[in-house]
Structures are given as structure tokens and as C-alpha cells.
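Visitor: Below are the sequence and a predicted model for it; my questions follow.
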Amino acid sequence: MLRIEELTKTYRASGRQVRALDGVSIQVAPGELVAVEGPSGCGKTTLLLVAGALLRPDGGQVTLAGQDPYALAPEARARFRAEHIGFVFQQFHLVPYLSALDNILAPALARDLPEARGRADELVERLGLSARRGHVPAELSTGERQRAALARAILGRPPVLLADEPTGNLDEENGRAVLGHLADYAAGGAAVLLVTHDPRAAGYAARVLLMEAGRIRDGR
Amino acid sequence: MSVWRLIAKEIAYRRWNFALAVLAVAVAVACLVGELVLLAAHESQAEGLADSQEARARGRTERLQDDYRVITKGLGYNVLVLPKEQDLAEFHLLGYATATMPETNVARLAAASVITVQHLLPTLQQKLQWPEKKTSIMLIGTRGEAPLSHRDPKKPIREAVPAGEAVVGHVLAQGMGLAPGGTLALRGRTFRVREVRPPVGNEDDVTIWINLAEAQELLGKPGRISAILALSCFCAEATPEGIRREVTRVLPDTQVLELSAQAATRRAARARAAAHSAETLADEAAGRLAARAQRAAFAAWMVPLVIVACTVWVGVLALANVRERRDEIGILRALGVGARRVFSLLVARSLLSGLGGAAAGCAAGYALGATWLWRESAGEAAALPPFDALMAAGVLILAPLVSAAAALVPAMLAAHQDPADVLREE
């Protein structure tokens, strides 16, 4: 369960204040995929970073697996992230010198995953990367890169998966494939929060929330 | 996926950055090792040189002392054994002893193993009128040197004058028109002139030396001598008191007169020779020390300067590496990799570059030092110092530590980088 309550976050830059989050509250239950849609700059990425225990909010609370991650010390919070949260990003953020398989195995650097190799092989197979497992990101297509990033995010079976514009750089076919995998993962019992402006996401999400100027305006 | 695998992959990916870091450490280590090798080699060469120079100086000293011995031999004897009843005031006024003692005293002294005297020369000396020439002369009968029973026979300092021959002082020879091969008549006896002495500026210029037995006969003093001249040895016991004690023990009816000025001259000459050698050696040693100090002083600022420069270089490379890996480190942090692990990952990479650089620098430094020495010594293998395993071990431990220290600040910055900053930049 991911619970976000009354989150506020303000950035200060060049003497200006930008209110990125203005009282946002969301709950994502296990097995649920929730999509947050909105225009660029509406605060979607900030929402995801705060929800992912990466960016401390100015106000409000995040509860994840019954725990407020911001109550933890930095090292403990990093461990908490490793055990409970998976991330998928629009730019993939794969390590450029590691093969697809090694990138998928990267979470094993953060926590002890005894069956990581077997799980990685299984994900490689399931996400259609078998022929590309030894290739570095520069040798992969964008769709393959995003699938590798998705496999990395779910290697440790985190109970919460956060995806930031995962289809933003993908074509129709790859976009659908990634959304399908996210929905499958949610169906496996995880809470998946997806921020996107891809209208196709609505077809995979249990709920779609509309975000605008740091606030949740509407929900379907 | 292990940290070491990640480091290895990253090194292979950014090989030039890593190679430059290795090169920086290698340069610093090569300078240090090369300098240490040269200093050690020069030290060892200086020791060898000092030994050979000391041996040469010792040889020179011995030759010089021998030369002085020969030169000072001409100064005469420094011990005069006189009859006990000789009035010394009279001796000093006349310049010779008027009293006599048995010639057998020479044999007794020679057989007595007296170690403080050597080269015993019995003489019978008397100032007398030369009636044939109507002038006064000094007549000295000499029989040459008495062999000492306890010593190896040496070349006598003064040759005996054969019977029937005479050695004539310069002034006498000049005044009387005498020349070697000629004859002279003295108190009714005829002597062939064996030699004319060169001028010496003392009573020797008016002296005639003849065979001792003939002098005894001529002066009516058979079996008698007036003095025994002896040269004291150069041993520590050869003090005036020691010589006097030894001689009078053997010959109680004699007295010993020390011609101290001459002895002191000889001692001073020999001491000067030794001092000269010591000064030469000291100068050599001081020169070597100064050269080594100069080289050590140069190394003392040059080597640390190179090490500091290379450490800064390693730090800058580490910073560049961290900046280049900002995105990667951000995502690793987002995945839950702790700051400590990120820090240790970057420091471990620097340790490896330090280790690689230390090994390469150690080998290069030794090779450079050896090449330099090889060229300096014109290809003599003996000039190369042995490989110092302790030094190599020290360098292999310290260089990676210094390299890691240089990467501390960049690693700390990377470890505390906010991953949200990177991810927000999307």
C-alpha cells in the first residue's frame, strides 16, 4: 500500500518560488495500477520522487508498507528504497557500460538478492530480451532499453513500482508492451503508480487521476 | 552483480580516465623509486670508492713515511751512547767525547735485544792536528753498522770505510786539493781518498773518516771507542727515558744522550705525512657527503612536489570521473545503493589505479634508475643496486593509499549527491 497525504513541495530558484505539489493525496492499493495524467510541469515527476522516498516534501506524509520513509536516516532510507520501491524512468537511466543483463542485476548492489540471477534470466525471457542480454544500452533499441529498465525495477519484486513517463520515448507497439508489463506487475499484487500524459495508459489503469498545477483535479 | 564487476566494467568503459590516473601514480612512484635507487646506488658506490681511496691514501702515506725516513736518515742519529765518565759539558764544548769505552760494548748492545734502538754505529772520534798539512781536523774512525741479533739485517745507514781508505769532508778536500782516487798522508800513514763529501755546513766539512781499527791504532787507543751512535725505533716505547733505561741496563758503564731535535724532526715529519693523508681522506669524505646532501636536498623538494602534483592530478581525474558518472550514480542511489557503498566504490577504483600505478611506477623507476646508473658507469653491471623488496612493498602499499586519499573528496561529493536532482533533470 502506498499512501500519500496532503503533500506539498515548493522549489526555490532564482528568487522565484514554484509550488510543485500543493496538497496532493493519493492511495494506491496492492494490485492496483493508478495513472496520474497531466501536462508537463504540473508536478508529476516531483510527486513520483516524493512518493519514492527520494525528495523530502515540505509538508504532508508518505506511508509505504506502513512506514514513513522520511522518518528514516539517509542510509536506512536507501535500504528501504531498495527493498520496497522500483523505479522506471522516461530516459531509462541504464548504466552505459553494463550489459542488459548486468543492468537488470544492478539492484543486487543495493541489497542481498540470493536468487537475482535466476530472476533476471526469467525477466530477460519474459520481456523478450534474450537475444540482447549481453548488449550494452547503446546497442539496444529504445523499446529494449525500457524493457531492460522495467526488468531492473521489478527484479527484487518491490511492493511499490513508480513509473515516470515510461512510454514517453516509445513507439506505439513498445508503449503498449511496457504498459502491459506494468499492468501485469500490478496484477501480481504490487501497487503501481504511473505518471504520464500518454492517453493509452487509461486503458491499463484501475484509476486515472488528472493533475494540474500541483493539485489533483479530477479522478476517473 | 558485484561491486568489483561494476568497477571492472567501468574501468574498461572509461579506460582513458583510468589509464591517466594510473599514469599519474606511476609518474610519482617512478620519480620516488628512481631517486631512491640513485641515492642507494651512490651511497654504495661512495662506500666502495671510499674504501679504494682509503687504500690508495694508505699506500701513499706509507710511501711518504718511507720517503721521510730516508730523508731524515741524513739528519744523523738521535741517540748517543757515551762512556759514563764523559763530562757532558766538555762533550758539548768540543763536539765529541774524549773518554772512551770498550768496543765490545757494541756487540753487547747488539746482542741484548734492545728494541728501542737500531743501526748501532761505533765510532772513535778525536780532534787533532794534521801535521802534514799544518791544520786541525776531526778524525772519525768508523766500522759501519753493527748487526742487531734480534732484527732482520737492513741496509746499513752508513757504509764502513775499508782499511787504507779515507772519506774526506768538503772543506778539507777543497783546501788540500784532494779528490777521489788520490792519496793523503796522515801521521805517517797513507790513505787512498775513497770519497769527498758534498758540503754540509758543519764540522763534517773538516772531518776525515777512516776505518775504526786504523783510527784506534793511529790514536793509540786499541779496542776503544768514544761513542755508539744509534737511531731510536719508531715504536711507542721509544721515549728518551725508555731508551736510556734499556741501554744502561745492558751497558751500566755508559750514559745515553738524546739528540732530541733530530728525533722530533723525524717524528714531526712522519706525523705530518700521516696528517696529510688523514686530511686528504677527510676532504674526500666531506666532498662525498656534500654531493650526497646536495642530491638528497634536491630529492627532498623535487619528489614531494611531484607526488603532490600527481596527487592533485589523480584528484582532478577522480572529480572528472564522478561528474561523468553523475547520472549513473544518481540512478544507483535511487535504486537504494547507499552513500557508503557509492563512496567505497569510487575509492576502490582509485585504490586500483594507485596499485596499478605503483606497480608500473616501481618497475619504471627502478628501470630508469638502473639505466641512468648504467650510462653513468659505462655499462658496469656491478653499479646496479639490488632490487629493494621492502621499498617496493612500501610503495605498493602507500601509493594506493595516497591515490585513494586523492579521490576522497570527489567520492564524498558523489556519495552525497541528491539522486532527485539527477532524476528531476529529465
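Guide: Good, I have the coordinates.

Visitor: Give me the neighbour count for whichever residue of chain B sits closest to chain A.
Guide: Across chain B, the shortest distance to chain A (C-beta to the nearest C-beta) belongs to B:G336, at 2.4 Å. For the C-beta atoms, the positions are set from N, CA and C on the backbone; glycine is no exception. Counted with other C-beta atoms under 10 Å in any protein chain shown, residues neighbouring B:G336 total 26.

Visitor: you'd agree it is up against A:A76?
Guide: No - counting by C-beta atoms under 8 Å, B:G336 sits too far from A:A76 to count as a contact (10.6 Å).

Visitor: re earlier: tell me who's in contact with the nearest residue to the residue of chain B closest to chain A once chain neighbours are set aside.
Guide: Distances taken as C-beta to C-beta, 6 or more residues apart in numbering or on different chains put A:A82 closest to B:G336, at 2.4 Å, once the chain neighbours are dropped. Applying C-beta atoms under 8 Å, 6 or more residues apart in numbering or on different chains, one finds that A:A82 lies in contact with A:107, A:110-111, A:156, B:335-337.

Visitor: Am I right that A:A82 falls within a helix?
Guide: Yes - applying DSSP: H, G, I helix; E, B strand; the rest coil, one finds A:A82 inside a helix.

Visitor: Quick check: the gap between it and A:A76.
Guide: 11 Å (C-beta to C-beta, to the nearest Å).

Visitor: any idea which helix or strand carries B:K133?
Guide: If you go by DSSP states H and E, B:K133 is not part of any helix or strand.

Visitor: Look at it and say how many residues are nearby.
Guide: Counted with other C-beta under 10 Å, residues neighbouring B:K133 total 15.

Visitor: Surely it and B:M176 touch.
Guide: Yes - the pair B:K133 / B:M176 is scored as a contact, 5.8 Å apart, by C-beta under 8 Å.

Visitor: Please report phi then psi for B:R189.
Guide: The phi/psi pair for B:R189 (degrees, to the nearest 10) reads phi -110, psi 150.

Visitor: How about it: what's its closest non-neighbour residue?
Guide: Nearest residue to B:R189 in three dimensions, chain neighbours excluded: B:L218, at 6.6 Å (C-beta to C-beta, 6+ apart).

Visitor: Neighbours of the one you found, how many?
Guide: Residues near B:L218, counting by other C-beta under 10 Å: 19.

Visitor: Contact partners for residue 196?
Guide: In the absence of a named chain, chain A is used. Counted by C-beta under 8 Å, 6+ apart, A:T196 has contacts A:35-37, A:44, A:163, A:165-168.

Visitor: looking at chain B here, not the other one
Guide: Applying C-beta under 8 Å, 6+ apart to B:V196 gives the contacts B:167-170, B:173, B:178-180.

Visitor: which of the residues you listed count as buried?
Guide: B:167-170, B:173, B:178 (16 or more other C-beta atoms under 10 Å in any protein chain shown).

Visitor: low pLDDT regions in chain A?
Guide: Residues of chain A meeting the criterion pLDDT under 70: A:218-220.

Visitor: thinking again about what came up before, and the contacts of A:A82, which two are the farthest apart?
Guide: Farthest pair in the contacts of A:A82 (C-beta to C-beta) is A:G156 and B:V337. Separation: 12.5 Å.
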